[in-house]
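Novice: Provided below for reference: sequence and predicted model.
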Amino acid sequence: MRLRPSQGKAMTPTGRGTRGKLIVGQSGGCTHVLNASLHGVIAEAQRARSVTAVLGMRHGIEGILRGDILNLSAASPQTLAALDRTPAAALGSCRRRISDEEAAAVVQFLDKRSVRFFIYIGGNDSADTSHRIALAARAQGCDLRVVGVPKTIDNDLPETDHCPGYGSAARFIASVTADTGMETEAMRSVEPVKIVEVMGRNAGWLAAASALAKRSPRDAPHLVWTPEIPFDRALFLRLVRQSLKNPGYCVAVIAETVRDKRGLPVASGGRRLERDAFGHVRAQDAAEYLCGLVRAELGVRARWDKPGTIQRMSSAHFSPVDVREARACGRHAVRLALGGATDCMVVMRRRKGPYAVDYDSTPLVRIANRDRPMPKRFFSPNAMLPTPAFKRYALPLVGDGLPNHPRLAGPRPI
């Protein structure tokens, strides 16, 4: 692992000799490895002479606003090591969009308690929170170093090759899709169509991961629909019908946020759209809607599976690569802060040759409230399946041992 210096105007050193407390929090949707990043932050902070105490905010930024803070300075190596295989958020998470006034109050709260290092583990919405706090600290002349640690199963943060959390979620989706394919093949005389709905707000990285264990046209999935491609009812039905002819059953994987040409969720039916605190549209039961469409238009039985939050916290599907990189991102964030960096987030850069990454940083403003869709070279709209280029990108992230289920073959008896 080679560490690279931070780059960008937002990360100008603010005085390397600063001493004080470090506070860390977790925000946004949980992942398999959110706590591995927490492990990295705490372990690196414990060994730093310039960190006088390690604090944890309960339920993200809400913990500071409520004064709900833990002292993590004495966390044992055994406890920290156990975090690597503990899903969800050990400190608790939130989806709170703070105002400029709240950001200023957070800085005042931290300054009074001699907190000089602020580490926030989260995605693009959390980057917005961290950026607001960095700006408030600058406006108040407070020497507070603010560094973000990337996290999201959606894999949609710009500036980084991939995001901690994605590899494990991709492993889960690839595995369950392969299993679903075998079950659907076995039950094709009863229910020949299965639709699997996976997460992924505005990008199809997770839906595409369903094909990572696909080794032949017969294997599931037989079609994948991502948020980047407007839903086409006629094309969807044609592809399902084609799969029903050969191989005789169909497993379709769709992102929960698949939208029509008007940009509306396919299952919205003209209903008022629900949004979260950051303005993101909530999912609208796309798989259930499409099963009804298949039954009505093709006259065959269809079922749907919706893993929901299981896909981001199944303890049976940790990717060892994901764990290792998440922990390293946490450590690098602390090193950046101790070195004087602020208003930035850790990113990973993939090296050429055998898979390996370097740890770098980028200004938070380049991450906050921004998405990274899949490149066009990673998906074929003609086949509605990810390309070999996507597999070469994603397979190193999920670890070895994806399913490779056998099929019985031999001459038929007379």
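Specialist: Now that the structure is in, tell me what you want to look at. Every value quoted in this text rests on a predicted model; they were computed, and no experiment measured them.
Novice: R132 and E101 touch, don't they?
Specialist: No. The pair formed by R132 and E101 falls short of the contact definition of CB atoms under 8 Å, at 10.3 Å. For every residue, glycine as well, the C-beta is placed using N, CA and C.
Novice: between those two, who's got more neighbours?
Specialist: Shown here are R132 and E101; by other CB atoms under 10 Å, R132 has more neighbours (23 against 9).
Novice: SS state for that one?
Specialist: Three-state call for R132 (DSSP: H, G, I helix; E, B strand; the rest coil): helix.
Novice: now swap in K21 and tell me
Specialist: Relying on three-state DSSP, one would call K21 strand.
Novice: any idea how far it lies from V347?
Specialist: Relative to V347, K21 is positioned 26 Å away (criterion: CB to CB, to the nearest Å).
Novice: out of those two, which sits in the busier spot?
Specialist: V347 (25 against 20).
Novice: The helix ranked longest in the chain: how far from the chain's middle?
Specialist: Ranked by residue count, the top helix of the chain under DSSP state H comes out as helix 166-186. Remark: helix 166-186 is offset 17 Å from the chain centroid, using CA atoms, centre = their mean, to the nearest Å.
Novice: helices or strands up against that helix?
Specialist: strand 193-198, helix 205-209, strand 250-255, helix 320-338, helix 388-398 (3 or more CB pairs under 8 Å, 6 or more residues apart in numbering; DSSP states H and E).
Novice: Could you give me the buried positions within that helix?
Specialist: Under the neighbour-count criterion of 16 or more other CB atoms under 10 Å, helix 166-186 has 166-178, 180-185 buried.
Novice: centroid residue for this protein?
Specialist: I153 (1.6 Å; CA atoms, centre = their mean).
Novice: For the residue nearest to that residue when sequence neighbours are not counted, list the residues it contacts.
Specialist: Sequence neighbours aside, A169 is the residue nearest to I153 in space, at 3.8 Å (criterion: CB to CB, 6 or more residues apart in numbering). Counting by CB atoms under 8 Å, 6 or more residues apart in numbering, A169 makes contact with T31, H32, I153, M199, L206, A209, Q311, R312, H317.
Novice: Give me the spatial nearest neighbour of the second one, chain neighbours excluded.
Specialist: By that I understand H32. S168 (3.6 Å).
Novice: what's the answer for E102, then?
Specialist: Spatial nearest neighbour of E102, excluding adjacent residues (CB to CB, 6+ apart): L65 at 6.5 Å.
Novice: Is it correct that the one you found falls within a helix?
Specialist: Yes. Under three-state DSSP, L65 sits within a helix.
Novice: count of residues packed around it?
Specialist: Quick note: L65 (other CB under 10 Å) scores 17 neighbours.
Novice: mind listing what it touches?
Specialist: Contact analysis of L65 by CB under 8 Å, 6+ apart lists R96, I98, E102, A105, V106.
Novice: How is this structure divided into domains?
Specialist: When the chain is parsed into structural domains using automatic domain parsing, the resulting residue ranges are 9-153+316-366, 172-198+200-255+257-305+373-398.
Novice: between those domains, which gets nearest to P406?
Specialist: When these are ranked by distance to P406, counting by CB to CB, first place goes to domain 172-198+200-255+257-305+373-398 at 9.8 Å.
Novice: From the opening residue of that closest one to its closing one, how far?
Specialist: In domain 172-198+200-255+257-305+373-398, first residue to last residue: 9 Å (CA to CA, to the nearest Å).
Novice: how about the strands in the stretch 101-250 of the chain?
Specialist: Listed in chain order, the strands of the stretch 101-250 of the chain (DSSP state E, counting those that start in this stretch) span 115-122, 145-150, 193-198, 223-225, 250-255.
Novice: With adjacent residues omitted, what lies nearest to C291?
Specialist: That would be A302: by CB to CB, 6+ apart, it lies 4.2 Å from C291.
Novice: most tightly surrounded among the helices and strands packed on helix 166-186?
Specialist: helix 205-209 (a mean of 30; mean count of other CB atoms under 10 Å).
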